[in-house]
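**Student:** predicted model and sequence follow; I will ask about them next.
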Amino acid sequence: MKKNIAIIMGGYSSEYKISLKSGNVVFDALDKDKYNAYRIHIFKDKWVFVNDLDEEFPIDKNNFSVLVNETKIEFDCVFNAIHGSPGEDGYMQAYFELLGMPQTSCSMYQAALTFNKRDLLAALKPYGIKTAESYYLNFGDSINEDAIIAKVGLPCFVKANKAGSSFGISKVYKKEDLQTAIDNSFKEDNEIIIEQFLDGVEVSVGVISYTSETLVLPITEIVSENDFFDYEAKYLGQSQEITPARISEDYANKIRTEAKKIYEILKMKGFSRSEFIFKNDEPYLLEVNTVPGLTKESILPKQATEAGISLNDLFGNAIEEALKK
């Protein structure tokens with residue numbers, strides 16, 4: 001009997017358009033002989049099932065079911081394709097855990113931890129994971145530009161602490177541009193992180209649960225046509241994403257080891273994608289994404305293809321892994 005799969009997409013953050021693309025890629029790729037797939041749009045003002053005619057049917061939040069033409073549809077599993085809040089920061093994970101409904105991403109705590117860049121780096125530091133020098137600010141804090149520069153140097157990156165897809169991020173070269181960058185980041189989040197610039201090869205690597213094993217996917221080298229790997233570079237084709245990465249086997253082994261170590265330290269499930277930059281021949285962690293992009297331009301699907309895993313298998317496996325739990 002076919003399973004009913006809710007593909008949740010959209011979300012409450014600036015990333016909702018990318019999430020809708022990701023969700024539709026999943027919808028198109030899923031094996032329709034095995035699964036009845038339903039597109040569920042999650043927005044602040046509505047949770048709705050959207051059918052092929054773009055008709056909307058409200059979700060009953062009491063049990064995450066939907067009534068379609070007097071027929072009640074209940075779901076066997078949720079495929080999480082929401083980037084940012086509430087799909088990547090733990091809220092949806094907690095909701096589905098309370099309902100006892102399987103879902104494809106990591107658990108609530110891991111989602112909340114990895115979405116908070118500051119807390120993630122602090123949690124991994126005792127395990128020897130290398131990270132850039134950083135400086136933290138909360139909205140309303142007094143800003144001492146000299147202290148910031150003394151800690152992280154110039155150029156530096158100013159980032160929203162809890163945001164993805166390079167929203168709220170700026171590269172700052174001069175002290176007089178620091179305040180504007182800080183203001184930009186505070187538009188996305190009330191916490192920001194200012195990081196030392198690391199000048200080296202940037203790579204991205206997916207780690208997934210695949211047939212009950214932790215699998216490290218082929219590594220991607222990021223070569224941005226812009227000053228850094230910003231939104232336009234990620235989603236508008238203004239970058240080269242080279243898979244497999246043009247790095248030595250020694251570098252590749254270091255990345256594979258660190259990425260798998262992080263996945264297992266954090267007791268992750270589902271998909272993850274970690275970003276690193278090499279400094280003095282060692283990989284420094286930038287961030288971990290637990291609901292990475294799944295669009296045709298996205299890195300993790302390309303890595304899976306390089307590993308010989310079709311999108312059909314990649315997404316179907318995520319559902320089957322979730323159903324085992």
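**Tutor:** Yep, that arrived.
**Student:** could you measure from Glu145 over to Tyr135?
**Tutor:** 11 Å (C-beta to C-beta, to the nearest Å). Every residue, glycine included, has its C-beta placed from N, CA and C.
**Student:** the residue nearest to Lys187 when sequence neighbours are not counted: how many residues sit nearby?
**Tutor:** Excluding its sequence neighbours, the residue lying closest to Lys187 (C-beta to C-beta, 6 or more residues apart in numbering) is Gly168, at 6.3 Å. If you count neighbours by other C-beta atoms under 10 Å, Gly168 ends up with 21.
**Student:** next one: Ala304
**Tutor:** Neighbour tally, Ala304, other C-beta under 10 Å: 25.
**Student:** Glu145 and Tyr135: which is more packed in?
**Tutor:** Remark: of Glu145 and Tyr135, Tyr135 carries more neighbours, 18 against 12, as counted by other C-beta under 10 Å.
**Student:** show me what whichever strand or helix holds Phe157 is packed against.
**Tutor:** Secondary structure from DSSP states H and E places Phe157 in strand 156-160. If you count contacts as 3 or more C-beta pairs under 8 Å, 6 or more residues apart in numbering; DSSP states H and E, strand 156-160 packs onto strand 169-172, helix 178-186, strand 191-196.
**Student:** you'd agree Glu221 is in a strand?
**Tutor:** Yes. Counting by DSSP: H, G, I helix; E, B strand; the rest coil, one finds Glu221 located in a strand.
**Student:** burial count for the closest residue to it other than its chain neighbours?
**Tutor:** Closest residue to Glu221 apart from its sequence neighbours, by C-beta to C-beta, 6+ apart: Ala245 at 3.6 Å. Ala245: 21 surrounding residues under other C-beta under 10 Å.
**Student:** could you do the one 10 residues further on as well?
**Tutor:** Around Ile255 sit 21 other residues, with neighbours defined as other C-beta under 10 Å.
**Student:** ok, now which ones touch it?
**Tutor:** Neighbour list for Ile255: Val203, Val205, Ile219, Ile247, Phe276, Pro283 [criterion: C-beta atoms under 8 Å, 6 or more residues apart in numbering].
**Student:** show me the contacts for the second one.
**Tutor:** Contacts were defined as C-beta under 8 Å, 6+ apart; by that measure Val205 touches Val216, Leu217, Pro218, Ile219, Thr220, Ile255, Arg256, Ala259, Arg273, Ser274, Phe276, Gln303.
**Student:** per-residue pLDDT, it?
**Tutor:** Note on Val205: pLDDT of 98.
**Student:** who's it bridged to?
**Tutor:** When assigned by DSSP bridges, Val205 has beta-bridge partners Ser274.
**Student:** how far away is it from Ser185?
**Tutor:** 26 Å.
**Student:** any idea how far Ala304 is from Lys117?
**Tutor:** In terms of C-beta to C-beta, Lys117 sits 25 Å off from Ala304.
**Student:** could you do Tyr284 as well?
**Tutor:** Counting by C-beta to C-beta, the gap from Tyr284 to Ala304 is 25 Å.
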